[in-house]
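Peer 1: Quick one, fold the following:
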Amino acid sequence: MNLTDRVAAFIVDTPRSAVPKEATDAAVRPIADTIGVIMAGSSGDAGKSVMAYADALGPVAGRTWTGSPAGLSPDTQALISSTLGHALDYDDELAGVGHPSSILVSAILALPLAELSGDQVLEAFVIGYEVNVKVANALGHRHYRKGWHTTATVGGFGAAAAACRLLHLDLDQTRYALGIVASLAGGLQRNFGTMTKPLHSGLAARNGVLAAQLAQSGFTASADILDGGRGFFDVYADQGDHPEAIDRLGAPWAILDPGPTLKKYPCCYATHRPIDAVLQLQARHGIEADSIEKITVRAPTFGLHPLIYHDPKTGLQGKFCLEYVLSAALVGKQVVLDDFSDTAINRPQVRRLMALVEAKEDPACRPEDPEAKNSSAGTGGFHIVTIRTADGGEVSTKVQYPSGSPYHPLSDADIAEKFRDCLAAGGRDAAAGARLFAQLTELQDVPDIHALLAGFTVRG
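Peer 2: Here you go, the predicted model:
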């Protein structure tokens, strides 16, 4: 079989019994985390704007659990939900792949299915996650280095896979859905730090739902879109593709190996290791922000690539500014959602520290791949951060695995606290949110997730 046939066959023919319990168990945490982040999304400027767009589409007869108007088409619901999910840059991450979970959860829950059990959600999520990851792996890292945003360009394949699985499309229809979604792929890193960055996630979810529903309706496309000249990999991979990754579908399952990173901080993942480093140094040595004279960051090759702002003018730009996030971390001794308002980025104490940050890439910080030919910005190698204080003291630390990564996972308590914070940011009831989180942690036993989430429908 060619590559497209292998992906389609995996989506359609993998029996439920072949999806291991360990994989569906592992999917519970990112799904619960994502639902919380989606509910928080309307608190940010991008979330507010996309909700205003949704309201303008027509009369609002009611609202869904996301807060968007009920009655929108499934693909539009997916677009709104997934944009909300990425609006705060707080959704989970898989380095080299992007942010699959917001795309997948939004696509799955937008489909016009009267009832949807927790087990069905888990099955579709794991299948979609696997396709998303392995297509991204096959595409290779040159794609991202070229300036494409993999969340946008590849995320639609995962969403289409999950939708095809839930809609029970046959092999031909699934091939066509892959062909359709390939022609919808796009998304440029130049838009990082703007509202269009979270829109990338929304478009990927929309594209997957749209492609599956069109294919279900008899729409056709190339049946071998991943293969040969002018196919997806030929056009997008910049000659850096690894088609052998498709042979690893389900072996191992990506939700288990390497597994997702559930974000501890609501900002670009490339900042998370240095954030951990400055907070560790501050806690260990009792460093006060006002005593700092210099902050030096050594990053792996390509590790600074997504951090395109150095004098942010908006909170969104601040999420992609290393100088800002490190300074905010040291001033607040944490990094939280409130750090990314347009007002917060102009705090004088923070601005003073920003001028003291010096960052550079060092191949020695990525010894296994010094030129980052097969590495993403957020993984591989390590960061070294040094802080010098006014009394002449100098302390350093090295961070390889950031908080929330599979090697340094958030605790159940951390995830529950993040969920409560997200619901509070979205104006939801904290006590009800705690009950919802408890139910989501037992997602496999939920008879209908739509009924569960209906209790969080926004009125008005």
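
Peer 1: Return the residue of this protein that is most distant from the centre.
Peer 2: What lies farthest from the middle of the chain is Asp391; by CA atoms, centre = their mean that is 41.3 Å.

Peer 1: That one and Lys333, how far apart?
Peer 2: Relative to Lys333, Asp391 is positioned 20 Å away (CB to CB, to the nearest Å). No exception for glycine: its C-beta is placed from N, CA and C like everyone else's.

Peer 1: What of Gly315?
Peer 2: In terms of CB to CB, Gly315 sits 19 Å off from Lys333.

Peer 1: Between these two, which has more neighbouring residues?
Peer 2: More crowded of Gly315 and Lys333, by other CB atoms under 10 Å: Gly315, with 22 against 14.

Peer 1: Surely Glu368 touches Gly381?
Peer 2: Yes. Using CB atoms under 8 Å, Glu368 is in contact with Gly381, at 7.1 Å.

Peer 1: quick one: which of these two has more around it?
Peer 2: Gly381 (25 against 9).

Peer 1: what is the rounded mean pLDDT of stretch 55-70?
Peer 2: Stretch 55-70 shows an average pLDDT of 89 in the prediction.

Peer 1: Just the buried positions in that stretch, please.
Peer 2: Applying a neighbour-count criterion of 16 or more other CB atoms under 10 Å, the buried positions in stretch 55-70 are 63-69.

Peer 1: any idea which element the residue farthest from the centre of the chain lies in?
Peer 2: Using DSSP states H and E, Asp391 is not contained in any helix or strand.

Peer 1: Identify the spatial nearest neighbour of it, chain neighbours not counted.
Peer 2: Excluding the flanking residues, the one nearest Asp391 by CB to CB, 6 or more residues apart in numbering is Ser291, at 7.2 Å.

Peer 1: any idea of the pLDDT on that neighbour?
Peer 2: 98.

Peer 1: For burial, what's the neighbour tally of it?
Peer 2: What Ser291 shows, counting by other CB under 10 Å, is a neighbour count of 13.

Peer 1: Which of the three states applies to Ala221?
Peer 2: Three-state call for Ala221 (DSSP: H, G, I helix; E, B strand; the rest coil): coil.

Peer 1: Pretty sure it sits against Ile180.
Peer 2: Yes. Counting by CB under 8 Å, Ala221 touches Ile180, with 4.6 Å between them.

Peer 1: what's the overlap in contacts for those two?
Peer 2: Jointly contacting Ala221 and Ile180 under the rule CB atoms under 8 Å, 6 or more residues apart in numbering are Ala215.

Peer 1: Compare those two (neighbour count), which wins?
Peer 2: Ile180 (24 against 17).

Peer 1: From Gly426, how far out is the more buried one?
Peer 2: Per CB to CB, Ile180 is found 33 Å from Gly426.

Peer 1: quick one on the thing from earlier: need the contact list for the residue nearest to Asp391.
Peer 2: Per CB under 8 Å, 6+ apart, neighbours of Ser291: 389-391.

Peer 1: what's the spacing between it and Ile387?
Peer 2: From Ser291 to Ile387 the distance is 9 Å (CB to CB).

Peer 1: And the pLDDT at the closest residue to Trp65 other than its chain neighbours?
Peer 2: Among residues not flanking Trp65 along the chain, Leu453 sits closest, at 4.0 Å (CB to CB, 6+ apart). Leu453 is assigned 96 on the pLDDT scale.

Peer 1: who touches Leu453 in this structure?
Peer 2: Shown in contact with Leu453 (CB under 8 Å, 6+ apart): 35, 65, 109, 436.

Peer 1: buried residues in the helix or strand harbouring it?
Peer 2: Using DSSP H and E, Leu453 maps to helix 449-454. Neighbour-count burial for helix 449-454 flags 449, 452-453 (criterion: 16+ other CB under 10 Å).

Peer 1: can you give me the strands in the stretch 151-300 of the chain?
Peer 2: 292-299 (DSSP state E, counting those that start in this stretch).

Peer 1: Quick one: the helices in it, in order.
Peer 2: 171-182, 196-216, 232-236, 272-285 (DSSP state H, counting those that start in this stretch).

Peer 1: Kindly state the domain boundaries assigned to this structure.
Peer 2: Domains of the chain are assigned by automatic domain parsing as 3-248, 269-399.

Peer 1: Quick one, which of those domains gets closest to Ala430.
Peer 2: Among the domains of the chain, domain 3-248 comes nearest to Ala430, with 11.9 Å by CB to CB.

Peer 1: what about the closest one, how long is it end to end?
Peer 2: Domain 3-248 stretches 12 Å from its first residue to its last (CA to CA, to the nearest Å).

Peer 1: now swap in stretch 109-123 and tell me
Peer 2: Length of stretch 109-123, first residue to last, CA to CA: 13 Å.

Peer 1: So for that stretch, what gets flagged as buried?
Peer 2: 109-111, 113, 116-123.

Peer 1: tell me the two of those residues that are most distant?
Peer 2: Across those (CB to CB), the longest gap, 18.6 Å, separates Ala110 and Asp119.

Peer 1: The buried residues of stretch 109-123 in strands, which ones?
Peer 2: With DSSP state E as the criterion, strands contain none of these.

Peer 1: Tell me the one among these nearest to Arg165.
Peer 2: Lowest distance from Arg165 to these (CB to CB) belongs to Glu123, with 7.0 Å.
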